[in-house]
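>>> Just the structure for this:
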Amino acid sequence: MSLMNDNVNRRGLDTFDWCFLGVIMAIISVGILSIYSVTNTQATTGIPIYLKQATWMVVGSLAFLIAVGIDYHKLTRLSYLLYGIGLILLIIVVIAGKTSRGSQRWIPLGPFAVQPSEFIKIPLLLMLATYYGTATRKGWVRRLIIPGLIVLPGFLLILKQPDLGSSLGFLAIFLVVVLTVGMKSKAFGFMILAALMLFPFAWGGVWGSLHEYQQDRILSFVDPNSDPGGKGYHGLQSRIAIGSGQLLGKGLYGGTQTQFKFLPEGHTDFVFAVFAEEWGFIGSMVLLSLYILLFLMGLEIAFKAKDIVGALLAVGVVAMVAFGVVVNIAMTSGLAPVVGIPLPLMSYGGSAMVVNLTALGLLLNVKRRRLSLL
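Residues are numbered from 1 along each chain as shown. The predicted structure follows:
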């Protein structure tokens, strides 16, 4: 029996696992290439940005291997503790975090800085999978209100930084998991109504009010031409860069919008626009195909998971990564307001890279634990 299980695991590693890893590394590689293209001419006094990203890829790969190797059932037993630690770190950020460009999101650690709003996503995934997967949750109060109250402090603390993009991603993970376990239409309608009623407070309230620059981003999305040189500049330049790529793109280092620095933040939030200008519509479709393939493999893992905990964990990971991809590409293409969400596995950022690779490691963990019990 043990020999049969070993053979099954080897077959898994020879096919699905290697394909899964290949897709991840392909996306990361084109991301580093795009970052190099847009930053190689910038004068730097320290390590070049693309080398920093490569370093974070190595760190994230180690986190990936750890996440694959430890049985996710052991991790779920620590989920509430890890989530509590994450909340403490978010409180530290609000009180004494590092401020950059009007946002207080980081905890400095020597030459590096970590972003707890990214790292708390992993405990959130584990906590939700544990809550819904280890006991029967009947009634909309237990299915929605109680977990909602658990998630709410993290959401508000992230929104307070302010980090609208991460707070929306935090909420998206929760909603997708809730919808996966099943929710009656009345409860879902109540949730939508509550969100609409809270929106005016979020726009100009005391606790979670949107900052002026965030309001400007939403207003510029509604009318991007109202202030093309100011509020709507990022969005307009991003669309120009994507459109100028046409069918086949302008080639590596050939993007005029990115190489002449018309497009700000080309290595972070707008890395997709950099890629689209250089590789065109065909290259963009190949990149989107890689992401879609990654999501489909993740959903296959969820459908075939050996228990509800594993299934919910896999669904949460797919939701986390898919939300980042959809919103980032939508905002760079002018289909959504600019909310500062990085493109998973491509945008520059150490915290996001490590968290995304850790989450994908948990996804493969769920698949391998199923195979080990065949």
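>>> in whichever helix or strand Gly280 is part of, what counts as buried?
Gly280 belongs to helix 271-303 when elements are defined using DSSP states H and E. Neighbour-count burial for helix 271-303 flags 271-280, 283-284, 287, 290-291, 293-295, 297-298, 301-302 (criterion: 16 or more other Cβ atoms under 10 Å). In short, each C-beta sits where N, CA and C put it, glycine included.
>>> The helix or strand just after it relative to helix 271-303, how many degrees between them?
As assigned by DSSP H and E, the chain's next helix or strand after helix 271-303 is helix 308-332. Counting by axes from the mean of the first three to the mean of the last three Cα atoms, to 10 degrees, helix 308-332 lies at 160 degrees to helix 271-303.
>>> What is helix 308-332 packed up against?
Applying 3 or more Cβ pairs under 8 Å, 6 or more residues apart in numbering; DSSP states H and E, we find helix 308-332 packed against helix 72-76, helix 121-133, helix 164-181, helix 233-244, helix 271-303, helix 350-372.
>>> coming back round to it: what's the angle between the helix holding Gly280 and helix 233-244?
80 degrees.
>>> Helix 271-303 - contacts with which helices or strands?
Counting contacts by 3+ Cβ pairs under 8 Å, 6+ apart, helix 271-303 is packed against helix 18-39, helix 233-244, helix 256-259, helix 308-332, helix 350-372.
>>> right, and those - which one's nearest Leu179?
Leu179 lies closest to helix 308-332 among the helices and strands packed on helix 271-303, at 9.3 Å (Cβ to Cβ).
>>> between the closest one and helix 18-39, how many degrees?
Using the same axes, to 10 degrees: helix 308-332 against helix 18-39 is 30 degrees.
>>> got the buried residues for helix 308-332?
309-329, 331-332.
>>> can you check stretch 99-119 too?
103-107, 114-119.
>>> What are the contacting residues of that stretch?
86, 89-90, 92-94, 97-98, 158, 161-163, 166-167, 170, 211, 213, 349-352, 354-355 (Cβ atoms under 8 Å, 6 or more residues apart in numbering).
>>> Please check these and keep the buried ones.
Counted by 16+ other Cβ under 10 Å, the contacts of stretch 99-119 give 86, 89-90, 93, 97, 158, 161-163, 166-167, 170, 349-352, 354-355 as buried.
>>> now the angle from the longest strand seen in the chain to helix 164-181?
Secondary structure of the chain per DSSP state E: the longest strand is strand 103-109. Strand 103-109 runs at 90 degrees relative to helix 164-181, counting by the same axes, to 10 degrees.
>>> got the angle between strand 103-109 and helix 350-372?
Using the same axes, to 10 degrees, strand 103-109 lies at 80 degrees relative to helix 350-372.
>>> for strand 103-109, what is the average pLDDT?
Averaging pLDDT along strand 103-109 gives 77.
>>> do the same with stretch 159-166
Stretch 159-166 comes out at a mean pLDDT of 81.
>>> next one: stretch 314-322
Rounded mean pLDDT across stretch 314-322 is 95.
>>> and Gly69, how far is that from Met127?
Distance from Gly69 to Met127, counting by Cβ to Cβ, to the nearest Å: 21 Å.
>>> So for the two, which sits in the more crowded spot?
Met127 (27 against 10; other Cβ atoms under 10 Å).
>>> Contacts only, for the more buried one.
79-80, 82-83, 150.
>>> Apply 7 Å and report the result again.
79-80, 83 (Cβ atoms under 7 Å, 6 or more residues apart in numbering).
>>> can those go into TSV with extra columns for secondary structure, pLDDT and neighbour count?
TSV is the format used below for these (DSSP: H, G, I helix; E, B strand; the rest coil; pLDDT from 0 to 100; neighbours: other Cβ atoms under 10 Å):
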residue	secondary structure	pLDDT	neighbour count
Ser79	helix	94	23
Tyr80	helix	94	15
Tyr83	helix	95	23
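>>> Out of these, which comes closest to Gly361?
Gly361 has its nearest neighbour among the contacts of Met127 in Ser79, at 15.9 Å by Cβ to Cβ.
>>> Quick check: which ranges of the chain have low pLDDT?
By pLDDT under 70, the weakly predicted segments of the chain are 1-15, 42-45, 100-102, 110-111, 136-138, 183-232, 371-374.
>>> Give me the spatial nearest neighbour of Val325, chain neighbours excluded.
Nearest non-adjacent residue to Val325, counting by Cβ to Cβ, 6 or more residues apart in numbering: Tyr291, 5.2 Å away.
>>> Over to Asn356?
With Cβ to Cβ, 6+ apart, the residue lying closest to Asn356 is Pro344, at 4.9 Å.
>>> Next, that neighbour: secondary structure please.
Under DSSP: H, G, I helix; E, B strand; the rest coil, the three-state class of Pro344 is coil.
>>> I'd like the numbering to begin with 371 instead of 1 from here.
Will do, 371 is the new start, and the previous item becomes Pro714.
>>> That one contacts Gly694, correct?
Yes: at 4.3 Å, Pro714 and Gly694 qualify as touching, with contact defined as Cβ atoms under 7 Å.
>>> Please point out which parts of stretch 495-507 sit buried.
495-503, 507.
>>> In JSON lines: those, plus distance to Phe630.
Shown next, in JSON lines, are those (distance: Cβ to Cβ, whole Å):
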{"residue": "Leu495", "distance to Phe630": "41"}
{"residue": "Leu496", "distance to Phe630": "45"}
{"residue": "Met497", "distance to Phe630": "46"}
{"residue": "Leu498", "distance to Phe630": "45"}
{"residue": "Ala499", "distance to Phe630": "47"}
{"residue": "Thr500", "distance to Phe630": "50"}
{"residue": "Tyr501", "distance to Phe630": "51"}
{"residue": "Tyr502", "distance to Phe630": "50"}
{"residue": "Gly503", "distance to Phe630": "52"}
{"residue": "Arg507", "distance to Phe630": "55"}
